[in-house]
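Engineer: Sequence first, then the predicted structure:
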Amino acid sequence: MGELKIRKIGNSLGAIFPKDWELKEGDILTYEKKGNGYLLDTTETAREHDRQLIEESFAEYEAAKMVSEDQLKERFGKYGWGK
C-alpha cells in the first residue's frame, strides 16, 4: 500500500499524487469515507480521459488522417506488420 504525505498549501491542505496514477491538473476525484479511511474513486476522471481519446480518434477519421490496413502493411511490413 502506498502513502501520501499531506502538505500545507496556502491556507489549505493537499497531497502530491504518484505520477503513475496518470492524473492531471483539474481532474476531479470522488471520495467516500470508510471508518477512519477514505476511498478515492478515479472512475469519472478515467471515463473523461477515454471520452477525449475517442473524440480525437473520430476527429482524425473525419479529417481522413487514418490509414488502411493495406497502407500499414506496405509501410511497416518489413517490421512484421500484417504477418
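Structural biologist: Great, that's in hand.
Engineer: helices or strands up against the helix or strand where Tyr61 lies?
Structural biologist: Here Tyr61 sits within helix 43-62, counting by DSSP states H and E. Counting contacts by 3 or more Cβ pairs under 8 Å, 6 or more residues apart in numbering; DSSP states H and E, helix 43-62 packs against no other helix or strand. All C-beta atoms are positioned from the backbone trio N, CA, C, and that covers glycine.
Engineer: quick one: contacts of the helix or strand just after it?
Structural biologist: Scanning forward in sequence from helix 43-62 by DSSP H and E, the next helix or strand is helix 69-76. With contacts defined as Cβ atoms under 8 Å, 6 or more residues apart in numbering, helix 69-76 is touched by Val67, Trp81, Gly82.
Engineer: Give me the contacts around the helix holding Tyr61.
Structural biologist: Under the criterion Cβ under 8 Å, 6+ apart, residues Glu22, Leu23, Asp27, Ile28, Leu29, Thr30, Met66 lie in contact with helix 43-62.
Engineer: ok, of those residues, which come out buried?
Structural biologist: Among the contacts of helix 43-62, those classed as buried by 16 or more other Cβ atoms under 10 Å are Leu23.
Engineer: Quick one: low-confidence residue ranges for the protein.
Structural biologist: 65 (pLDDT under 70).
Engineer: Swap in 80 and give it another go.
Structural biologist: Low-confidence segments of the chain, defined by pLDDT under 80: 1, 49, 57-68, 81-83.
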